[in-house]
Structure formats: C-alpha cells, structure tokens
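*Asks:* how would this look folded up:
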Amino acid sequence: MDLPYILLFLTIFVAILVVLISKIRNKPLSKDRIVEIFLLSFLVLSVGIGSIWAFIGHAFLSAQVAANIGWAPGSPFQLEVAFANFSIGVLGILCYWVRGNFWTATVISSSIFLLGAAYSHIINILQYANYAPGNAGSVL
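*Replies:* Below you'll find the model as predicted:
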C-alpha cells in the first residue's frame, strides 16, 4: 500500500470524526440526525476535499501523479480528469449549504466518476499488468 494515500485516508477519516463529534454536541441526537451528520461529513470531506485534492494533483503535479499511476506523463486527458475532480469537489463542498436532492445528485455524480475510474484501473491492471501504487494500490 502506498503510504501517502493511507495517510490521506486516515486524515479524512479523523476529520469526519471531529466534525461528527462537534455537530453532535449542538443538537439532540436521533438515528436520522446521526446518519445526516455522517453523510454530510463524508460528502464535504471525502467527496469535496478529497476531489479538490485530486484536482490539485492532476492539474499541478501531473508528472508525479502520472508516474504514481503508471501513466506516461504529459497526457492532455489528465487535465480533463483534474477538472472532473474539481467539479465533483465543488459539489461535495456545496453539500454543506445545499441539502435535499442536491446530495443525491452529488452522490450519483461522484459514484459514476469513481466507479468508472475503478473500472478503468482494473482494465489497466488486467491488460497491461499495471500494478503501480496509484493504479492498483489503496487508491483503487
């Protein structure tokens, strides 16, 4: 497993717990409230901040990210992936203020993108034996 990805995951997980604990103290708890707080924390931190983090990597550190994934550097598709991550990140962060069906749309968008990326990485493993940490490691 690739240590930076594990550390990023753990950081996001701890941040979600911190937000959960701080939110719990403000209002009475119910089962629905706990689920709402967890989902909001997940959407803002994991989908929002996580996708912005991926945008920064693909847009500004593209050579390093490409090498970590096992891709050839310099592909213009990487910038497209960066902006797809940026758009999903903005949706995730906006979930803090916009509720209801907006959350559903954000989950659908993020899920389609991430499941498509997972499919692409698995195909890359099967066809080209690409076991680079960013392709077959914890990110997958």
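*Asks:* Look at the nearest residue to Phe9 once chain neighbours are set aside and tell me its secondary structure.
*Replies:* Excluding the flanking residues, the one nearest Phe9 by C-beta to C-beta, 6 or more residues apart in numbering is Ser138, at 6.8 Å. C-beta here means a position set from N, CA and C on the backbone, and glycine is covered the same way. For Ser138, the secondary structure call by DSSP: H, G, I helix; E, B strand; the rest coil comes out as coil.
*Asks:* Around Ser138, how many other residues sit close by?
*Replies:* Neighbour count of Ser138, defined by other C-beta atoms under 10 Å: 14.
*Asks:* So it versus Ile125, what's the distance?
*Replies:* Taking C-beta to C-beta, to the nearest Å as the measure, Ser138 falls 14 Å from Ile125.
*Asks:* Please give me every residue in contact with Ser51.
*Replies:* 85-86, 88-89, 92, 110 (C-beta atoms under 8 Å, 6 or more residues apart in numbering).
*Asks:* Just flag the most distant two among these.
*Replies:* Between any two of the contacts of Ser51, the greatest separation by C-beta to C-beta is 12.5 Å, found for Phe86 and Ser110.
*Asks:* Surely Leu39 is in contact with Trp103?
*Replies:* Yes - at 7.0 Å, Leu39 counts as touching Trp103 under the criterion of C-beta atoms under 8 Å.
*Asks:* Can you pick out the residue with more neighbours from those two?
*Replies:* Just comparing Leu39 and Trp103: by other C-beta under 10 Å the higher neighbour count belongs to Trp103, 19 against 13.
*Asks:* so where does that one fall, helix or strand?
*Replies:* In this assignment (DSSP states H and E), Trp103 forms part of helix 101-128.
*Asks:* Show the contacting residues for Ala59.
*Replies:* By C-beta under 8 Å, 6+ apart, the contact set of Ala59 is 79, 82-83, 86.
*Asks:* One more pass at 6 Å, please.
*Replies:* Ala82 (C-beta atoms under 6 Å, 6 or more residues apart in numbering).
*Asks:* Tyr131 and Leu115, how far apart?
*Replies:* Distance, Tyr131 to Leu115, by C-beta to C-beta: 21 Å.
*Asks:* Then Ser109?
*Replies:* To Leu115, Ser109 is 11 Å away according to C-beta to C-beta.
*Asks:* Lovely, talk soon.
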